[in-house]
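Chemist: For reference, the sequence and a predicted model appear below.
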Amino acid sequence: MVDAGFLAEIGFDAQRKVLFPPAGHPLLGWSQCQVTDCVVVIFATQTFCSGCKRRFAVSGLPVEEFSAIPRPADQPRRRMVRSCRVPGCRRPWIDAPRALCSAHHWQKSRVHRCSLEEFLARTDLEPLPSLGACAVAACYRNASVARSMLCHAHNCRMLDARRADPGLDTDHWLATQTAIPEGAEVSFRGLPDLIVAQVLFGLQQRCRDGALTQHTRLRALTSWLRAARVPSLDALSAEQASGAGVDRLTCGPLTTMIAAVRQARMTPESEYAKDRWDMAALGMTGFVDFGGISQPWLRETAKRWVRHAAPQRRGERAGNNLRSQVLYLDLLSQSLRARADRGNDPAGLGRADIEFFLARAARKEHLGEISAHKRRQVIITAGSVLKRGRLLGLTRPGEPMHGLADDFALIRGDLPSRPERSEAGSDLPPEVMRQLCAHLDWLDGRFEREMRVAIELLIDTGRRPDEACELAYDCLACDNDGKPVLVYGNSKENRPQRQLPLHQATADLIRGQQARVRSRYPGTPAAELKLLPSVIRNPRGRKAISADSLSVNNRVWVDAMPEIRLDDGTAFDKSKIFLYAYRHTYAQRHADAGVAVDVLAMLLDHDTLEATRGYYRVKQKRLRKAVDTVSRLQFDRHGNRAWKQAGQLLDAQRTRQAVGEVAVAFGRCSEPSNVSAGGGQCPLRFRCLGCEHFSTDVSYLPELRSLPRRPAADPGTPAGDDHRRRLGQTRGDALRRGDHPPAAAHPASLGEPRITHAR
């Protein structure tokens, strides 16, 4: 599972089992201290080493001037291991000042007692062969001491360890000692091959996730694994690691590596037998815990339901939704535990248990333990699981729901009615939006630029938060007319490459953000970049900001603003300013502008008009305008305009006016006795055009105009009587249905005067 290209990228030497991370790597890289003549290895994000940093703090010089000053000679430097200065000698030197191996240094200082120059000038010096590798398992240096077969540094350490502990276990000491690094190298020597592969695989996953891993943390991790004699990461948990002496900074990389190794070997079949699922086995994030469901049959049913529903869910929050719904089943399990058999026998359950469950949910809402929305979700989830279980055949013999009675189910009446949406809605008033836009500059000083651009895009485009966050770098295009459009993906409905018309100002905002992203990540292809890249674990700009972090920053921004007031002087509740409120405001803004609901549905990318209607409300101003417009086109039997006082009526009065009418042929009747009888007690039957209580409007003009072109029938003839009889039957059927009959009557049967006035 470890990519060979990745090993070459990070500089891993498989033969020596040593990692040599390159200095320019964005996640494993390092650099040298910028001070002249200082070669100390530091982190890529630093400027000076610790010694030079202390000198810089007291120097008071700019960085450029201080970096040009050479490091003092008395300051310790990193010692590079090189070969002995004796020509042909293959053993390493002790250190830079002595520049000789241990054997030749002993000859110089104890036998000949001369200077280094005099010793190297001798002609009787014999070069010595290499002693091989150091006996310490982790060390990759050559041995320099023949008696101990250790390098000079480890030989000194062993002498110190033996003085401190005369009974030192030499074999254990050699197996658990750390390597002597020369730069940013990390030694994997002395570790089992399985551990080496697992750590490299975990490091590969961390790099793919954009996580920074410093070489010092890797050294500490490999040293701990070597000292603890860990055979495999499979049987190791993060809690065990933290309790075994792993420091806090090293525990982070170890935890992610353990998770990566576990998920690499994970399968849906292996997770199914557990009561706590890692949803990575199903292509999701997070965990789902079935431990709160005590009944074995209900727990097995819940597992079957999650296994069935998981492939149908999409998006980053799919695992969280399933976890919440499994938690909702805990209330049903809690209710069944009140039975004598604790609900373990499905054959003994019936309708009474469902009613007790519903009563407990209602009581919890009454006590304030759960909200009305959560109560509905609990009932919906329980009903869906039971219904879906029956459809999946779980009531057959041998299945978990076998023997469960048919009346142990949720019916339509068990679900509480949804609370009616308040008149206020979720959109933000225009004066609130003006104040929010006036304080957008505050975001630039507190958060990265991407947060401000994301909020502006939500306000301008009305997209869902995750859709705006995941915008690609090349999300701006042009339509056939050359106008800018936004190319985004609807992850909720799995509809990629959707297009939304944009205003020119919004297009300019996107172009400015594209320029900033390109300057920050010049080496990443444009097809891999995000328009709103995250600043965390994102060295190449391929990961976007998350909707959760955007929501948190939006809340911090709104709470830091001064008090928001409406035009009437009242304070506005800041808790109503959340990310999705910008989408509702976008919908309401277009609805107030007279955009048709079908066009608004396309702008919001909804499948049904019913979903679009939940995003806006028809305000009183538009209602009044609509009624006033239609009222000017209504006429009475004399052809005069009706409802002259409509502009002075309140909306509630208009509603009562509409209730006090009944549909008749070509209009409406307001005669009290006929209205109370539902249209069956008309005193002037078939004489509507001659009645004072009759009114019509322009919507009936097509039917009215077609009447003179139809053949007439004499009222006194049998044909006329038959015509009136058929008209009465048609009108009676129409009144029972609540609408008006088709225009098929002869004008003579409608009474006088004829319809010239209505026309």
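Modeler: Happy to help now that I have it. Residues are numbered from 1 along each chain as shown.

Chemist: show me the contacts for Glu300.
Modeler: By C-beta atoms under 8 Å, 6 or more residues apart in numbering, Glu300 lies in contact with Pro400. In short, each C-beta sits where N, CA and C put it, glycine included.

Chemist: after the strand or helix carrying it, next one along is what?
Modeler: In this assignment (DSSP states H and E), Glu300 forms part of helix 296-309. Sequence order places helix 318-336 as the next helix or strand after helix 296-309, per DSSP H and E.

Chemist: what's the neighbour count on Gln107?
Modeler: Using other C-beta atoms under 10 Å, Gln107 has 19 neighbouring residues.

Chemist: what pLDDT does it get?
Modeler: If you check Gln107, the pLDDT there is 91.

Chemist: From Arg82, how far off is it?
Modeler: With distances taken as C-beta to C-beta, to the nearest Å, Gln107 is found 19 Å from Arg82.

Chemist: again with Ala57
Modeler: To Arg82, Ala57 is 33 Å away according to C-beta to C-beta.

Chemist: Below-threshold pLDDT in the stretch 401-550 of the chain: ranges please.
Modeler: Per-residue confidence for the stretch 401-550 of the chain (pLDDT under 70) gives these ranges: 419-425.

Chemist: Start from the N-terminal end of it and give the helices.
Modeler: 430-438, 441-446, 449-461, 465-469, 504-520, 547-560 (DSSP state H, counting those that start in this stretch).

Chemist: residues in contact with the fourth one?
Modeler: When you say that, I think you mean helix 465-469. The contact list for helix 465-469 (C-beta under 8 Å, 6+ apart) reads 315-316, 454, 457-458, 461, 488-492, 532, 544-547, 550-551, 579-580.

Chemist: how about 6 Å then?
Modeler: 454, 457-458, 488, 532, 544-545, 547, 579 (C-beta atoms under 6 Å, 6 or more residues apart in numbering).

Chemist: Nearest to Asp289, out of these: which one, please.
Modeler: Nearest to Asp289, judged by C-beta to C-beta, of those is Ala547 at 24.2 Å.

Chemist: Pro533: neighbouring residues, count only.
Modeler: Pro533 sits with 23 neighbouring residues when counted by other C-beta under 10 Å.

Chemist: And for Val597?
Modeler: Around Val597 there are 15 residues (other C-beta under 10 Å).

Chemist: which residues does it contact?
Modeler: Val597 makes contacts with 609, 612, as judged by C-beta under 6 Å, 6+ apart.

Chemist: again, only using 7 Å
Modeler: With contact taken as C-beta atoms under 7 Å, 6 or more residues apart in numbering, Val597 is in contact with 609, 612-613.

Chemist: Neighbour-wise, give me the winner out of those residues.
Modeler: In the contacts of Val597, the most neighbours by other C-beta under 10 Å go to Thr612, 21 neighbours.

Chemist: Mind listing residues that contact whichever strand or helix holds that residue?
Modeler: In this assignment (DSSP H and E), Thr612 forms part of helix 609-613. The contact list for helix 609-613, computed with C-beta under 7 Å, 6+ apart, reads 597-598, 600-601, 604, 606.

Chemist: filter these to the buried ones?
Modeler: With neighbours counted by 16 or more other C-beta atoms under 10 Å, those contain buried members at 600-601, 604, 606.

Chemist: and which of the residues you listed is nearest to Arg388?
Modeler: The closest of the buried ones among the contacts of helix 609-613 to Arg388 turns out to be His606 (C-beta to C-beta; 25.8 Å).

Chemist: Tell me if that closest one really is in a helix.
Modeler: No - applying DSSP: H, G, I helix; E, B strand; the rest coil, one finds His606 to be coil, outside a helix.

Chemist: Strands of the stretch 101-250 of the chain, residue ranges please.
Modeler: 186-187 (DSSP state E, counting those that start in this stretch).

Chemist: got any ranges where it has weak pLDDT?
Modeler: 237-245.

Chemist: show me where it has helices.
Modeler: 102-106, 116-121, 152-164, 170-176, 193-208, 215-228, 238-243, 248-264.

Chemist: still on that earlier bit, for the contacts of Val597, point out the one with the lowest pLDDT.
Modeler: Arg613 (79).

Chemist: Domain map for this structure?
Modeler: Residue ranges for the domains of the chain, per automatic domain parsing: 4-32+40-68, 186-264, 268-414, 430-585, 632-750.

Chemist: Pick the most deeply packed of those.
Modeler: When the domains of the chain are scored by mean count of other C-beta atoms under 10 Å, the highest mean neighbour count falls to domain 186-264 (a mean of 18).

Chemist: ok, now which ones touch the residue nearest to Arg418 when sequence neighbours are not counted?
Modeler: In space, Arg418 comes closest to Arg376 once its chain neighbours are excluded; the distance is 6.9 Å by C-beta to C-beta, 6 or more residues apart in numbering. Residues counted as contacts of Arg376 (C-beta under 7 Å, 6+ apart) are 415-416, 418.

Chemist: Tell me the secondary structure at Arg376.
Modeler: helix.

Chemist: Same check on the one 5 residues further on?
Modeler: Under three-state DSSP, the three-state class of Thr381 is helix.

Chemist: Which residue, other than its chain neighbours, is closest to it?
Modeler: When the adjacent residues along the chain are set aside, Thr381 lies closest to Tyr328, with 4.2 Å between them (C-beta to C-beta, 6+ apart).

Chemist: doesn't Gln377 make contact with the one you found?
Modeler: Yes - with contact defined as C-beta atoms under 7 Å, Tyr328 reaches Gln377; the gap is 6.1 Å.

Chemist: Beyond the particular helix or strand that has Asn674 in it, next helix or strand please.
Modeler: Asn674 belongs to helix 672-676 when assigned by DSSP H and E. Note on helix 672-676: by DSSP H and E, the next helix or strand toward the C-terminus is strand 694-697.
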